[in-house]
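Engineer: Provide a 3D model corresponding to the input given below.
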Amino acid sequence: MAEQGTTAAGPKSKRRAVLSREAILKAAMRLCSPEGGGLLTFSRLGKELGADPTAVYRHFRDKDELVLALTDLLIEESLTLAARSAPDHRHWRNWLSATAHAIRTVHLARPALAVLCATRTTASPAETKSVEEIIDVLHRAGLPVIEAAECYRTLLDLTLAFVQSSAAFLTLDPEAQAKDDAAWAVKYGLLPADRFPLLHQSSPRLTELFRNDEEVFRLVLETFLDGIALKIERAQRTG
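Structural biologist: From the prediction side, this is the model:
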């Protein structure tokens, strides 16, 4: 019996030793991926870690604190991906586009987490570095600091709003997704041309766009960046 008790205690002690903050965050990221089931609860987290769910509370007071920590990881991943895609700050348009697409890519890799994180603010070193960097790129491109800050906020909100919309759709069950798809492909496509001539003419393209959030985001982002280019031209003329 003594040997059995020693054997049972060994794995448990080892398990407690490896249940670090980093291990919890990695496990949470796995759970939030489509492969991990996309559902984040302390119960599932405990099973993923092979530990009692209450052990997570030694590192995070509650789920909200965990979500904020995960949000920070997404920000760090976005910064890394953006730096690889467009490292040269002098080409402001390419850099901003790469940054926005990096944010979108990283978040949508874990749709369930994106829904929770897209509206959060952490004020962490990674987040504040990102804010400073984007404002700096816009300011160096020719915008006054305040206008650069306004454009930063607009760009971020635009990007995260699209992220949350796409993520929410991806978390729907396949049947619900198929119904929405059919609404564009069938119902809109069958609208009478005499009553809805413009919708009738454009419904094939609208159906394509419904199936391609990435293309819609690219179109909106390019329009937004066109607006920033006009602001820069105006600032240069008046400055």
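Engineer: give the contact list for F60.
Structural biologist: Contact analysis of F60 by Cβ atoms under 8 Å, 6 or more residues apart in numbering lists R21, I24, L66, A69. (C-beta placed from N, C-alpha, C; glycine too.)
Engineer: Helix or strand next in line after the lowest-mean-pLDDT helix or strand in the chain, which one?
Structural biologist: Using mean pLDDT, DSSP states H and E, helix 2-18 stands out as the lowest-scoring helix or strand of the chain, at a mean of 45. Per DSSP states H and E, the first helix or strand lying C-terminal to helix 2-18 is helix 21-32.
Engineer: Now find how far off-centre that next one is within its chain.
Structural biologist: Put simply, helix 21-32 sits 16 Å off its chain's centre (Cα atoms, centre = their mean, to the nearest Å).
Engineer: The helix or strand just after that helix: which residues count as buried?
Structural biologist: As assigned by DSSP H and E, the chain's next helix or strand after helix 21-32 is helix 42-49. Of the residues in helix 42-49, F42, R44, L45, G46, E48, L49 count as buried by neighbour count, 16 or more other Cβ atoms under 10 Å.
Engineer: Packing partners of helix 42-49?
Structural biologist: In terms of contacts (3 or more Cβ pairs under 8 Å, 6 or more residues apart in numbering; DSSP states H and E), helix 42-49 is packed against helix 21-32.
Engineer: For the helix it packs on, list the C-alpha coordinates in CSV.
Structural biologist: Output of helix 21-32 as CSV, limited to C-alpha atoms (Å, rounded to 0.1, in the frame of the first residue of the first chain):
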residue,chain,number,x,y,z
ARG,A,21,1.2,30.1,-16.4
GLU,A,22,2.9,29.4,-19.8
ALA,A,23,1.6,25.9,-19.9
ILE,A,24,-2.0,27.1,-19.1
LEU,A,25,-1.8,29.7,-21.9
LYS,A,26,-0.5,27.2,-24.5
ALA,A,27,-3.2,24.7,-23.5
ALA,A,28,-5.9,27.4,-23.8
MET,A,29,-4.6,28.4,-27.2
ARG,A,30,-4.9,24.8,-28.4
LEU,A,31,-8.5,24.5,-27.0
CYS,A,32,-9.4,27.7,-28.9
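Engineer: Could you list every helix and strand in contact with that helix?
Structural biologist: Short answer (3+ Cβ pairs under 8 Å, 6+ apart): helix 21-32 packs on helix 42-49, helix 63-85, helix 111-117.
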